[in-house]
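Chemist: here you go, sequence then predicted model.
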Amino acid sequence: MKKTVNINANKKDIFYHYLNVTTVLHKLSPKEKHLLSLFLFYADREKHNFKKQEDLWKKVFSHEIKEQIMMDMDIKSSSIHNLMTSLRKKRVIQDNKIAAQYIVNLDDGKLELSFIFHERNL
């Protein structure tokens, strides 16, 4: 059986919806998901401006982007730093970049996600 659910959202929200749907895989708190989704959004927005990944991540974790994220989330500097520490402890942020398993690439503004459930006899 195949089911398709279409979700219309702005680009910034697509990353958050993706993290909400996949919560069972990463177990991030709502604020951690919100922060990660914004880092993913800004990485996606900036990726075309950089040839080297390390330069992209420097930009994404720059003071300028963090200031924007603090406004987006309506939080203070101490809160974003505490959330980033938590994401580092959970290995979401590694070596000043987002770990590969959390990177989401949008194709023409779309993200398709499939789940395959296998029945298991207990």
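Modeler: Thanks, I have the structure now.

Chemist: and A99, how many neighbours does it have?
Modeler: For A99, the neighbour count with other Cβ atoms under 10 Å is 13. Quick note: C-beta positions are derived from backbone N, CA and C, even for glycine.

Chemist: let me fix that, I meant to ask about F41.
Modeler: 23.

Chemist: ok, it - contacts?
Modeler: For F41, the contact set (Cβ atoms under 8 Å, 6 or more residues apart in numbering) comprises 11-12, 15.

Chemist: reformat those as JSON lines; add neighbour count.
Modeler: Listed next are the contacts of F41 as JSON lines, based on neighbours: other Cβ atoms under 10 Å:
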{"residue": "K11", "neighbour count": "12"}
{"residue": "K12", "neighbour count": "15"}
{"residue": "F15", "neighbour count": "25"}
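
Chemist: any stretches of the protein with poor pLDDT?
Modeler: 107 (pLDDT under 70).

Chemist: tell me which of the contacts of F41 is nearest to K31?
Modeler: F15 (14.5 Å; Cβ to Cβ).

Chemist: for that closest one, which non-adjacent residue is closest in space?
Modeler: Setting aside the residues directly before and after it, F15 is nearest to S37 in space (Cβ to Cβ, 6 or more residues apart in numbering), at 3.9 Å.

Chemist: any idea how far the one you found is from K2?
Modeler: For S37, the distance to K2 (Cβ to Cβ, to the nearest Å) stands at 27 Å.

Chemist: sounds good, over and out.
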